[in-house]
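A.B. asks: What follows is a predicted structure for the sequence shown.
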Amino acid sequence: MNATLQQENPQTADRPAEFITPQVSIYETREEYVVEAEMPGVSKQGLEITLEGNEIMIVGRRTEESIPGKALFRESRIASYRRVFQLDPAIDTTKIGALMEQGVLRLTLPKSESVKPRRIQVD
């Protein structure tokens with residue numbers, strides 16, 4: 001699986017939208033690839049995953065929290081997340097799964113049957 005990361009700063013009428021590239025962990029099992037993307041502040045409703053051709057795009061929109069006073073110091077940026085991956089043709093895109101839990105998105109990318117290891121019966 002080839003990973004391509006992109007950042008964009010498209011302009012909107014209100015203010016420029018800013019995207020942060022989320023940190024990911026990618027691992028492979030016998031049956032599938034798994035992508036775990038950290039997106040704190042993103043709920044299931046703020047998540048958009050699109051598949052076009054061999055590219056999968058993940059966009060996570062954070063909701064801006066209101067605070068009861070004047071912010072004096074803030075280390076986290078108010079920005080949305082965006083990351084694009086180029087998928088290997090060996091991935092069965094009809095069976096991709098997604099789970100969002102505690103700010104971590106878990107994508108499961110099943111391997112197609114033609115590339116899974118199999119045992120050959122000897123007659």
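C.D. replies: Nice, I can see it.
A.B. asks: check which helix or strand covers A98.
C.D. replies: Using DSSP states H and E, A98 maps to strand 97-101.
A.B. asks: For that strand, could you pull out the residues that count as buried?
C.D. replies: By 16 or more other C-beta atoms under 10 Å, the buried positions in strand 97-101 come out as M100. Every residue, glycine included, has its C-beta placed from N, CA and C.
A.B. asks: likewise stretch 42-61?
C.D. replies: V42, G46, L47, I56, I58, V59, G60, R61.
A.B. asks: how about these in TSV, adding distance to T108, secondary structure and pLDDT?
C.D. replies: Below are the buried residues of stretch 42-61 laid out as TSV (distance: C-beta to C-beta, whole Å; DSSP: H, G, I helix; E, B strand; the rest coil; pLDDT from 0 to 100):
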residue	distance to T108	secondary structure	pLDDT
V42	18	coil	91
G46	20	helix	92
L47	15	strand	94
I56	12	strand	95
I58	13	strand	96
V59	19	strand	96
G60	17	strand	95
R61	22	coil	92
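A.B. asks: Which of these sits closest to E36?
C.D. replies: Nearest to E36 among the buried residues of stretch 42-61 is I58, at 11.2 Å by C-beta to C-beta.
A.B. asks: Could you measure from that closest one over to V34?
C.D. replies: Distance from I58 to V34, counting by C-beta to C-beta, to the nearest Å: 14 Å.
A.B. asks: Same check on L105?
C.D. replies: Where V34 is concerned, L105 sits at a distance of 11 Å (C-beta to C-beta).
A.B. asks: follow-up on the earlier one: tell me the strands beside the strand holding A98, with direction?
C.D. replies: strand 104-110 (antiparallel) (DSSP bridges).
A.B. asks: Quick check: which ranges of the chain have low pLDDT?
C.D. replies: 1-17, 115-117 (pLDDT under 70).
A.B. asks: those strands in the chain, which residues are they?
C.D. replies: 2-4, 19-20, 24-28, 32-38, 47-52, 55-60, 80-86, 97-101, 104-110 (DSSP state E).
A.B. asks: So which of those is nearest F73?
C.D. replies: Taking C-beta to C-beta, strand 19-20 is the member of those nearest to F73, at 19.0 Å.
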